[in-house]
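**Q** need a 3D model of the following:
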Amino acid sequence: MVHEITEKESINEWFSKRTWSVSGNRVGAGEEDVIDTKAERVVFPRDTEEVSQILSSLPPSQPVAVVCGGHSSSNTSTVAVANAVVVDLQNLNSVSVDEEKMEVTAGGGVTFRSLAEAVGDADGALPIGTGDTVGVTGYLVNGGISGYFGRRLGMLGQRVIELTFVTADGVIKILSPSSSSDEDSTLFNSVLGAGSALGVVTSVTLKMESGSSFQSGGQVIVPCGTQDSAKRFARLALSFLRDSVLPDESVSMELVVTADFTCISTFIFYDSFKFDPISYVNPIRDAATAGNVPIVVDNVTQWNTWLEAASCLWPIIKEMKGNPLVRMDHSMGTTTYPDDDLLNFIANEWIGGVPLEDASQSIVEIRTLGGAALSGEKLPSGNCSSLVFADMIIAYDANGKSVDERRSIKNSVDCVVSLAREQKDVQVDFSATHSQADDPPVTTARDRGIEIFGSEVKYEQIRHAKQKYDAKNRFQCHPFTSFLS
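**A** Reported below is the predicted structural model:
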């Protein structure tokens, strides 16, 4: 018998534990019941068959939400809607590795820590995200990117060779790029960008790369101390990112600015990198000298294995917490080399305009993409086409913040995002994994779908799949349904 909880008090307790953060739009609006869910019950299947049984036993019109890691910034799945049943996949947590084939299979509830440790033990490598408690399938089917490894290994969805998928009416499908019918192979591609708007992914099999694809990596850490100093350092670092790193697909760079204005430049050197890593990053040291700011860590070869690099941010992310932790995610990206005007905007507004001091657990990230992610199989994701990707994760502890203070933070963030939309040759909030899905729409549903899925062709492809496999919109507790139904 499938375990479930139905009492409201128990469901709310589940919600408070399972939801990593709550949307800044909720607390910014002054809502008092932010830690709450509208679901009428939560079920905990143990395998694909039980997922199928649950879906086939429900009335056709009953909404279903799917939860994997619980990291969505908009809480659309955990908050759900009235009368919804939440399918929590946490028990589908097995990971198995076939070292001979260099393949790893992960259940629908597996998080990145478990996957990374299994892949590392097999001396493999994958383009994973940096949060250890983020759900693998949730990240993957929303077009998740890898700032560290994507230029060499592509997007995680591009490494899926098989997945198990359960439709709205409980039909189990084994999908792959070489599925026997064109319909199933197209559905396979659609699932890799449609989130949980089409159905439930209960397992994925991924093709690993050898761990030798990673040569070394590390960081240069510069505590700038003030916003103005961080802006000056970041502007010089961004020129190096554009002029030297972006043209060289044997290396990736990510610049992170923290709430205390520490600038962290992370470099990953792939197996094709032919230069001396230490001297390669001299321009970053020069930027610190020019800005008269100290370097407290200078070790760009501190990681010798893929797993060391993949897990480097786990301790930092673990410390992000609140009662509740409030979060807003936004992104901007360019499919071409950014010009000086855009780099100035990123330094002065994307970094300099957001309320980092007021939202003390926030970070701003600017990273190189492209490479294998750009040249690989086209997934239905706006992330596929980006060369430079900037995001902000605005996070703070709501405890102790007044409603007016919360609104002020939200208004400041909204202002910066609005300014970003005025920049030329830039996409804003086009990323399913790094956007605030519960923001009010600023475009038509069709235009929004084209942004998120990367093209009009991919948007129509997923709209067709939605009509065929979830015509009654059972999986309405996913933000994509607002422009698919």
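
**Q** show me where pLDDT drops low in this structure?
**A** Residues of the chain that meet the criterion pLDDT under 70 lie in 28-35.

**Q** how is it divided into domains?
**A** The record's domain split for the chain, according to automatic domain parsing, is 3-88, 95-211, 214-428.

**Q** turn those into a markdown table, columns for distance to Ser435.
**A** To be clear about C-beta, it is placed using only N, CA and C from the backbone, and glycine gets the same treatment. Formatted as a markdown table, those follow (distance: least, Cβ to Cβ, whole Å):
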| stretch | distance to Ser435 |
| --- | --- |
| domain 3-88 | 8 |
| domain 95-211 | 10 |
| domain 214-428 | 6 |
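
**Q** can you say which of those is nearest to Phe480?
**A** domain 95-211 (4.2 Å; Cβ to Cβ).

**Q** that older thread, point out the most buried one among the domains of the chain.
**A** For the domains of the chain, average neighbour numbers computed from mean count of other Cβ atoms under 10 Å are highest in domain 95-211, which has a mean of 22.

**Q** and it, how far apart are its ends?
**A** 18 Å (Cα to Cα, to the nearest Å).

**Q** contact partners for the closest residue to Gly382 other than its chain neighbours?
**A** In space, and not counting its chain neighbours, Gly382 is closest to Phe430: 3.8 Å by Cβ to Cβ, 6 or more residues apart in numbering. Contacts for Phe430 (Cβ atoms under 8 Å, 6 or more residues apart in numbering) come out as 331, 333, 382-383, 451-452.

**Q** before we move on, what about Asp339?
**A** Asp425.

**Q** and the domains of the chain: which comes nearest Asp447?
**A** Among these, domain 214-428 comes nearest to Asp447, with 11.3 Å by Cβ to Cβ.

**Q** distance from that closest one to the middle of the chain?
**A** 14 Å (Cα atoms, centre = their mean, to the nearest Å).

**Q** kindly report the same for stretch 60-72.
**A** For stretch 60-72 - counting by Cα atoms, centre = their mean - the centre lies 17 Å from the chain centre.

**Q** helix, strand, or coil at the residue most central in space within the chain?
**A** The residue lying closest to the centre of the chain (Cα atoms, centre = their mean) is Thr433, at 3.6 Å. Following DSSP: H, G, I helix; E, B strand; the rest coil, Thr433 is assigned to coil.

**Q** ok, back up a step: sitting in strands, which of the contacts of Phe430 do you find?
**A** Per DSSP state E, strands hold the following members of the contacts of Phe430: 331, 333.

**Q** which one of the contacts of Phe430 is nearest Val43?
**A** Of those, the one sitting nearest to Val43 (Cβ to Cβ) turns out to be Ile452, at 28.4 Å.

**Q** quick one: the closest one and Phe430, what's the gap?
**A** Counting by Cβ to Cβ, to the nearest Å, the gap from Ile452 to Phe430 is 6 Å.

**Q** quickly list what's touching both of these two.
**A** Joint contacts of Ile452 and Phe430 (Cβ under 8 Å, 6+ apart) are Gly382.

**Q** which of the helices or strands spans Gly218?
**A** strand 214-223 (DSSP states H and E).

**Q** strands paired with that strand, and their directions?
**A** Here strand 214-223 is paired, per DSSP bridges, with strand 262-270 (antiparallel), strand 297-303 (antiparallel).

**Q** any chance of the ones you listed in JSON lines, with distance to Ile161 too?
**A** Converted to JSON lines, the strands paired with strand 214-223 look like this (distance: least, Cβ to Cβ, whole Å):
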{"stretch": "strand 262-270", "distance to Ile161": "22"}
{"stretch": "strand 297-303", "distance to Ile161": "27"}
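
**Q** out of the ones you listed, nearest to Glu319?
**A** Nearest to Glu319, of the strands paired with strand 214-223 and by Cβ to Cβ, is strand 262-270 at 14.0 Å.

**Q** alpha carbons only: can I get that closest one in PDB?
**A** Extracted in PDB, the C-alpha atoms of strand 262-270 (Å, rounded to 0.1, in the frame of the first residue of the first chain):
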ATOM      1  CA  THR A 262      33.400  39.000  -2.100                       C
ATOM      2  CA  CYS A 263      34.200  38.100  -5.700                       C
ATOM      3  CA  ILE A 264      35.000  34.500  -6.400                       C
ATOM      4  CA  SER A 265      36.400  33.600  -9.800                       C
ATOM      5  CA  THR A 266      36.200  29.900 -10.400                       C
ATOM      6  CA  PHE A 267      38.000  28.200 -13.300                       C
ATOM      7  CA  ILE A 268      37.600  24.700 -14.700                       C
ATOM      8  CA  PHE A 269      40.300  23.400 -17.000                       C
ATOM      9  CA  TYR A 270      39.300  20.600 -19.300                       C
END
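
**Q** can you list contacts of that strand?
**A** 148-149, 151-152, 213-224, 230, 233-234, 237, 249-258, 277, 280-281, 284, 300-301, 309, 312.

**Q** closest to Ser418 among the contacts of Phe430?
**A** When the contacts of Phe430 are ranked by distance to Ser418 (Cβ to Cβ), Ser331 comes first, at 14.3 Å.

**Q** and the closest one, bridged to which residues?
**A** Following DSSP bridges, Ser331 is listed with bridge partners Asp391.

**Q** pretty sure it is touching Val388, no?
**A** No: using Cβ atoms under 8 Å, Ser331 is not in contact with Val388, being 11.1 Å away.

**Q** now do the contacts for Ser176.
**A** Ser176 touches 161-163, 185, 188, counting by Cβ under 8 Å, 6+ apart.

**Q** so it versus Asn91, what's the distance?
**A** Distance from Ser176 to Asn91, by Cβ to Cβ: 25 Å.

**Q** still on that earlier bit, and the domains of the chain: which comes nearest Gln476?
**A** Closest of the domains of the chain to Gln476 is domain 3-88, at 5.2 Å (criterion: Cβ to Cβ).

**Q** which ones are touching the closest residue to Leu369 other than its chain neighbours?
**A** Spatial nearest neighbour of Leu369, chain neighbours left out: Ser386 (4.7 Å); criterion: Cβ to Cβ, 6+ apart. Ser386 makes contact with 145, 333-335, 369-370, 427, 431 under the criterion Cβ under 8 Å, 6+ apart.

**Q** distance to Tyr396 added to the residues you listed, as JSON lines?
**A** Shown next, in JSON lines, are the contacts of Ser386 (distance: Cβ to Cβ, whole Å):
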{"residue": "Ile145", "distance to Tyr396": "25"}
{"residue": "Gly333", "distance to Tyr396": "25"}
{"residue": "Thr334", "distance to Tyr396": "29"}
{"residue": "Thr335", "distance to Tyr396": "32"}
{"residue": "Leu369", "distance to Tyr396": "28"}
{"residue": "Gly370", "distance to Tyr396": "32"}
{"residue": "Gln427", "distance to Tyr396": "27"}
{"residue": "Ser431", "distance to Tyr396": "22"}
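
**Q** which stretch among the strands paired with strand 214-223 comes nearest Ile409?
**A** Using Cβ to Cβ, the nearest of the strands paired with strand 214-223 to Ile409 is strand 262-270, at 20.0 Å.

**Q** which SSE is immediately downstream of the closest one?
**A** With DSSP H and E, the next secondary element past strand 262-270 is helix 277-280.

**Q** which residues touch that following helix?
**A** 216, 218, 251, 267, 269, 300-301.
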